[in-house]
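> Dropping a prediction and its sequence here:
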Amino acid sequence: MEGLHNLKPERVVKAFERAGWKIRNQTGSHVVLKKEDNPALLTIPVHKGKPIKKGLLLAQLKTAGLSVEEFLRLYR
């Protein structure tokens with residue numbers, strides 16, 4: 001799982017948007033994403049200066065149906 005450390009939350013949200021997810025709403029510092037053909041919601045914490053934790057990102061990738069490689073291509 002190389003490359004899933006110190007990822008910026010803003011760029012993580014953009015990567016999910018490139019994968020077809022849309023921002024549904026934002027509650028405080030958490031961005032909620034929704035995809036039309038997927039009943040799940042993704043919640044990404046966007047805390048300034050804090051990267052996304054690897055375990056949370058892996059869980060969100062599983063929910064989104066993306067592989068690590070696919071996500072990293074969208075992130076770059």
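Arrived safely. Numbers count the residues shown, from 1 in each chain.
> Tell me which other helices or strands the longest strand along the chain touches.
When the chain is parsed with DSSP state E, its longest strand is strand 38-45. Using 3 or more Cβ pairs under 8 Å, 6 or more residues apart in numbering; DSSP states H and E, the elements in contact with strand 38-45 are helix 9-18, strand 30-35, helix 54-64. Any C-beta I mention is one placed from the backbone N, CA and C, and that applies to glycine too.
> for this structure, what are the low-confidence residue spans?
Scanning the chain for pLDDT under 70 picks out 1-2.
> quick one: contacts for residue 52?
The contact partners of residue 52, by Cβ atoms under 8 Å, 6 or more residues apart in numbering, come to 7, 8, 9, 12, 44, 45.
> nearest to residue 75, of the helices and strands packed on strand 38-45?
helix 9-18 (4.2 Å; Cβ to Cβ).
> contact partners of the closest one?
23, 31, 33, 42, 44-47, 50-52, 57, 60, 64, 71, 74-75.
> let's see it at 6 Å
Residues from elsewhere that reach helix 9-18 (Cβ atoms under 6 Å, 6 or more residues apart in numbering): 31, 33, 44, 46, 52, 74, 75.
> Give the burial count for the residue lying closest to residue 46 once chain neighbours are set aside, as a bare number.
Excluding its sequence neighbours, the residue lying closest to residue 46 (Cβ to Cβ, 6 or more residues apart in numbering) is residue 9, at 4.2 Å. The local packing of residue 9 (other Cβ atoms under 10 Å) involves 20 other residues.
> Could you report the distance from residue 9 to residue 15?
In this structure, residue 9 and residue 15 are 11 Å apart, going by Cβ to Cβ, to the nearest Å.
> How about residue 54?
Counting by Cβ to Cβ, the gap from residue 54 to residue 15 is 15 Å.
> For residue 43, the count of nearby residues, please.
With other Cβ under 10 Å as criterion, residue 43 counts 14.
> Of residue 54 and residue 15, which one has the most company?
When residue 54 and residue 15 are compared for neighbours, residue 15 comes out ahead with 20 against 13, by other Cβ under 10 Å.
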